[in-house]
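Participant: Mind folding the following:
(one chain, ligands or ions: 1)
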Amino acid sequence: MKNKWIVKGIEDYQKNVPDEIHYRCRHRPTCSEYARQAYSRYNFFYASFLTTKRLLKCNRLFKPKYDPVPIKYSKIVKDARKIIRDHKNKELAIDATCGNGHDTIYLSKFYREVHSFDIQKLAIKRTESKLYYINNVKLYNDDFNNIPNYNLKADLIIFNLGFLPGSNRKVKTQDYTPEKAIRKCYDLLNDDGIMIICSYRAHDGGMDEFNKIIDEIKDLNYTVKEKYKNKEALIVIKKESHN
Ligand SMILES: C[S@@+](CC[C@H](N)C(=O)[O-])C[C@H]1O[C@@H](n2cnc3c(N)ncnc32)[C@H](O)[C@@H]1O
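Facilitator: Sure, this is the predicted structure:
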């Protein structure tokens, strides 16, 4: 962990500060939690810059909002976000693997309704803890293979494969036939809908998972973009319009 002693100092502060002071912060996470995350993730100078900026924003001139510490996303996630932003139909989106909630929160800015699934309770809890001031997200602690049971019709569906970052990595998408779930979820897309799949081929078993997916969707209209010397792949499936 970076800045160990500063982080410990903030944790001690968090344990001792009364709730009425702690929750006086305008944004979420609270300023101390923001600082804790910034110092544990980044070097001293960048973390201090971020924390100072956040403290300056914690006043009545700024509307309360979910204001997390910025994260450095992989290239395929950045590309996935561009697709999410640019997609023209923005009624309902499904996040099939909500994990730490980053994709869900991003979708919630653009789509009227977001339905997010994860097989792990921990992932649902982590996502739920980030939904301050966000009320267009519904969470389901369920397997992505069961998504068709919920009678949803979507404009966009995302599968961000792999394991839950910051967990013991025991639960991995590849152990739950994601290729079958993807195929079934394709039928839930509205005309002109899209499905985005972030695949990490350098992970143990990741290439096998990617190949199974490609085999399953070979008759659909899809593209694959490779990044980081082919270690990551972004698969985009487009549902043809019937007009
Ligand atoms: C790479 S993470 C997703 C990252 C997440 N979208 C985010 O923005 O933080 C992969 C997630 O897939 C979940 N997962 C694994 N198998 C699953 C299954 N059968 N159904 C639903 N979620 C599953 C894991 O629990 C993990 O949280």
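Participant: C-terminal to the worst-scoring helix or strand of the chain on mean pLDDT, which secondary structure element comes first?
Facilitator: Taking mean pLDDT, DSSP states H and E as the measure, the helix or strand of the chain with the lowest value is helix 19-22, at a mean of 70. In the C-terminal direction, the helix or strand that comes right after helix 19-22 (DSSP states H and E) is helix 31-41.
Participant: ok so, going back, contact partners of the least confident helix or strand of the chain?
Facilitator: 14, 30, 32 (Cβ atoms under 8 Å, 6 or more residues apart in numbering). (Glycine included, C-beta is placed from N, CA and C.)
Participant: Burial check on the second one, number of neighbours?
Facilitator: Summarising burial for Thr30: neighbours were counted as other Cβ atoms under 10 Å, giving 19.
Participant: can you check the one 5 residues further on too?
Facilitator: Counted with other Cβ under 10 Å, the neighbours of Ala35 add up to 26.
Participant: Next: Phe45.
Facilitator: By other Cβ under 10 Å, 8 other residues sit near Phe45.
Participant: Just to be sure, it is in a helix?
Facilitator: Yes - inclusion of Phe45 in a helix is indicated when DSSP: H, G, I helix; E, B strand; the rest coil is applied.
Participant: dump the residue contacts of it.
Facilitator: With contact taken as Cβ under 8 Å, 6+ apart, Phe45 is in contact with no other residue.
Participant: Taking the chain, what residue is nearest to the ligand?
Facilitator: When scored by Cβ to the nearest ligand atom, the chain has Gly99 as its residue closest to the ligand, at 2.7 Å.
Participant: Wait, Tyr186 touches Ile235, no?
Facilitator: No - using Cβ atoms under 8 Å, Tyr186 makes no contact with Ile235, being 11.7 Å away.
Participant: if we can go back for a sec, may I ask which of the contacts of helix 19-22 comes out lowest in pLDDT?
Facilitator: Checking pLDDT across those, the minimum falls on Gln14 at 86.
Participant: Could you confirm it falls within a helix?
Facilitator: Yes - secondary structure of Gln14 (three-state DSSP): part of a helix.
Participant: Counting neighbours, what do you get for Leu122?
Facilitator: By the criterion of other Cβ under 10 Å, Leu122 has 16 neighbours.
Participant: Now the strand or helix carrying it: buried residues?
Facilitator: Take DSSP H and E as the rule and Leu122 turns out to sit in helix 121-128. Buried positions in helix 121-128, judged by neighbour count with 16 or more other Cβ atoms under 10 Å: 122-124, 126-127.
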